[in-house]
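Engineer: Starting from these lines, generate the structure:
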Amino acid sequence: MRLVRILLLLYILNIIGKGTEIYRHGGIIVDEKVRIVDIQNDIERNRVVSFLYESFGLGFDEDTEKTLVLERNGSIIATASFSGNVLKQIAIDERFRGEGLMAPLLGAAMHEMISMGHSHVFVFTKPANIETFRGLGFRKVAGSFTEAALLEWGSYGIDSYKEELAGFRRNENGRASAIVVNCNPFTKGHRYLIECASSESESVYVFVVETEKSLFKFSERIEMVREGVGDLGNVVVLPGGNYIISSAAFPSYFTHLNDLLRVQAELDAEIFAEHIASTLGIERRWVGREPYCKVTGTYNDALEKILDLYDIRLSVIDRLEKEGRIISASTVREALRTGDMETARSMVPQTTWDYISSDRAKPTIEKIRQTLSRH
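Structural biologist: Numbers count the residues shown, from 1 in each chain. Next up is the predicted model:
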């Protein structure tokens, strides 16, 4: 596998060095090149958007950082994009499939990603494409039970992550639980869910989503969680890393909106059960119930379906309420945004309030007051 990666890197550099290629194909002169698209230019962006939608029914993710196209005689015949370390929106015109276009396209995209410091690359794709990506040095992480698959490329991988996780294992006889949280910020509702799990488990592993898509930065969120559960001796707080898939990281173009959450939940559950739960001896995952949120219900149902295949129990707990109102991070952020500090303070533990009211949190609080974002 190491040899494959080295050869792919050499191939990437070779592809980039070629630039435009002009050759004969069936007696016709072909002008073919891979280039980076200026997605801030409406005309350029719309060409890509049209190609993805009209040919494949795919959308264009708003968080896309760079898009590359493979053009033949001035027409787009393939695209690849990325955001952070995630490859996305990979599409090849079906008329040109089988011509070996994937390698030069991905080679160029990965060259850009590596030049930006991303040495660990992920791609979400359909299970039918797994072998194609394996041929380019990617390794499958998950994708056995749903319409999506996650693969990775790089020297650090899921096996390295599992070795690190194993060092945190505290239970030898089972009865370990897990909770995945964002905590933007950490509320009394989060504390309640963790307390429930703590009271019925030998150990509880709390994974804080690491994706930087929230108003409170990851460093702030995990600090608030650790301070907020510091008195619970059987709770271990861990960073989610690259293998806890948040809705923000999952590509929205991947499938129809009605299926998006289900597919993400099923993939999330497979990664969790196959790699994380097996490493830490986890037999139970806890989530909060939102009776008025159909989206959360759909996610929990999909999560339960996959976890059940691994004999992992899903425990759904009613959300903590205050005066008939569910305590949520979004309610706290709205209170902070409008200056209703009394409501905000009533919904968070003292440890969270100590942070929110400190000088260190002032930049974040100011950002909350200037935004309408729900994240």
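Engineer: can we go C-alpha only for contacts and neighbour counts from here?
Structural biologist: Fine.
Engineer: got any ranges where the chain has weak pLDDT?
Structural biologist: Applying pLDDT under 70 to the predicted model, the residue ranges of the chain that meet it are 1-32, 172, 174, 246-258, 292, 372-375.
Engineer: wait, what's in contact with the nearest residue to G157 once chain neighbours are set aside?
Structural biologist: By the measure of C-alpha to C-alpha, 6 or more residues apart in numbering, the closest residue to G157 outside its immediate chain neighbours is H120, 7.7 Å from it. For H120, the contacting residues are 85, 152-157, by C-alpha atoms under 8 Å, 6 or more residues apart in numbering.
Engineer: Now do the strands in the stretch 51-200 of the chain.
Structural biologist: Defined through DSSP state E, counting those that start in this stretch, the strands belonging to the stretch 51-200 of the chain, from first to last, are 66-72, 75-83, 86-92, 121-125, 139-142, 149-153, 176-181.
Engineer: Can you lay out those as CSV showing mean neighbour count and distance to M113?
Structural biologist: Putting the strands of the stretch 51-200 of the chain into CSV (neighbours: other C-alpha atoms under 10 Å; distance: least, C-alpha to C-alpha, whole Å) gives the following:
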stretch, mean neighbour count, distance to M113
strand 66-72, 21, 9
strand 75-83, 21, 8
strand 86-92, 22, 9
strand 121-125, 22, 8
strand 139-142, 20, 18
strand 149-153, 22, 12
strand 176-181, 24, 28
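Engineer: Using TSV, lay out those strands together with distance to Y355.
Structural biologist: Formatted as TSV, the entries for the strands of the stretch 51-200 of the chain read as follows, by distance: least, C-alpha to C-alpha, whole Å:
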stretch	distance to Y355
strand 66-72	36
strand 75-83	31
strand 86-92	32
strand 121-125	34
strand 139-142	37
strand 149-153	36
strand 176-181	18
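Engineer: wait, isn't V263 in contact with L150?
Structural biologist: No. No contact is recorded between V263 and L150 when judged using C-alpha atoms under 8 Å, the distance being 11.5 Å.
Engineer: Alpha carbons of stretch 77-92, as PDB, please.
Structural biologist: Listed next in PDB are the C-alpha coordinates belonging to stretch 77-92 (Å, rounded to 0.1, in the frame of the first residue of the first chain):
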ATOM      1  CA  ILE A  77     -16.400  16.200 -19.200                       C
ATOM      2  CA  ALA A  78     -15.500  15.600 -15.500                       C
ATOM      3  CA  THR A  79     -15.400  17.500 -12.200                       C
ATOM      4  CA  ALA A  80     -13.900  17.000  -8.700                       C
ATOM      5  CA  SER A  81     -14.100  19.400  -5.800                       C
ATOM      6  CA  PHE A  82     -13.000  19.500  -2.200                       C
ATOM      7  CA  SER A  83     -13.800  21.100   1.100                       C
ATOM      8  CA  GLY A  84     -11.100  20.800   3.800                       C
ATOM      9  CA  ASN A  85      -9.800  17.200   3.500                       C
ATOM     10  CA  VAL A  86     -13.000  15.800   1.900                       C
ATOM     11  CA  LEU A  87     -13.200  15.100  -1.900                       C
ATOM     12  CA  LYS A  88     -16.600  15.700  -3.300                       C
ATOM     13  CA  GLN A  89     -18.700  16.300  -6.400                       C
ATOM     14  CA  ILE A  90     -16.700  13.800  -8.400                       C
ATOM     15  CA  ALA A  91     -18.500  13.200 -11.700                       C
ATOM     16  CA  ILE A  92     -17.500  11.900 -15.100                       C
END
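Engineer: burial measure for H118, as a count.
Structural biologist: As a burial measure, the neighbour count of H118 was computed by other C-alpha atoms under 10 Å and equals 16.
Engineer: Against V69, how distant is it?
Structural biologist: 20 Å (C-alpha to C-alpha, to the nearest Å).
Engineer: who's in contact with G288?
Structural biologist: By C-alpha under 8 Å, 6+ apart, G288 lies in contact with 193, 316-319.
Engineer: now with 7 Å?
Structural biologist: 316-319 (C-alpha atoms under 7 Å, 6 or more residues apart in numbering).
Engineer: Then F96?
Structural biologist: By C-alpha under 7 Å, 6+ apart, the contact set of F96 is empty.
Engineer: and if you look at L105?
Structural biologist: If a contact means C-alpha under 7 Å, 6+ apart, then L105 has 34, 70, 80 as its contacts.
Engineer: Which element, helix or strand, includes the first one?
Structural biologist: Read that as V34. Of the helices and strands defined by DSSP states H and E, V34 is found in strand 28-37.
Engineer: just to revisit the earlier point, save the contacts of H120 as JSON lines, and put in distance to S346 too.
Structural biologist: Supplementary listing: the contacts of H120 in JSON lines, determined by distance: C-alpha to C-alpha, whole Å:
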{"residue": "N85", "distance to S346": "39"}
{"residue": "E152", "distance to S346": "43"}
{"residue": "W153", "distance to S346": "46"}
{"residue": "G154", "distance to S346": "46"}
{"residue": "S155", "distance to S346": "46"}
{"residue": "Y156", "distance to S346": "43"}
{"residue": "G157", "distance to S346": "42"}
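Engineer: and Y53, which of the strands of the stretch 51-200 of the chain is closest to it?
Structural biologist: Proximity to Y53 (C-alpha to C-alpha) singles out strand 86-92 among these, at 10.5 Å.
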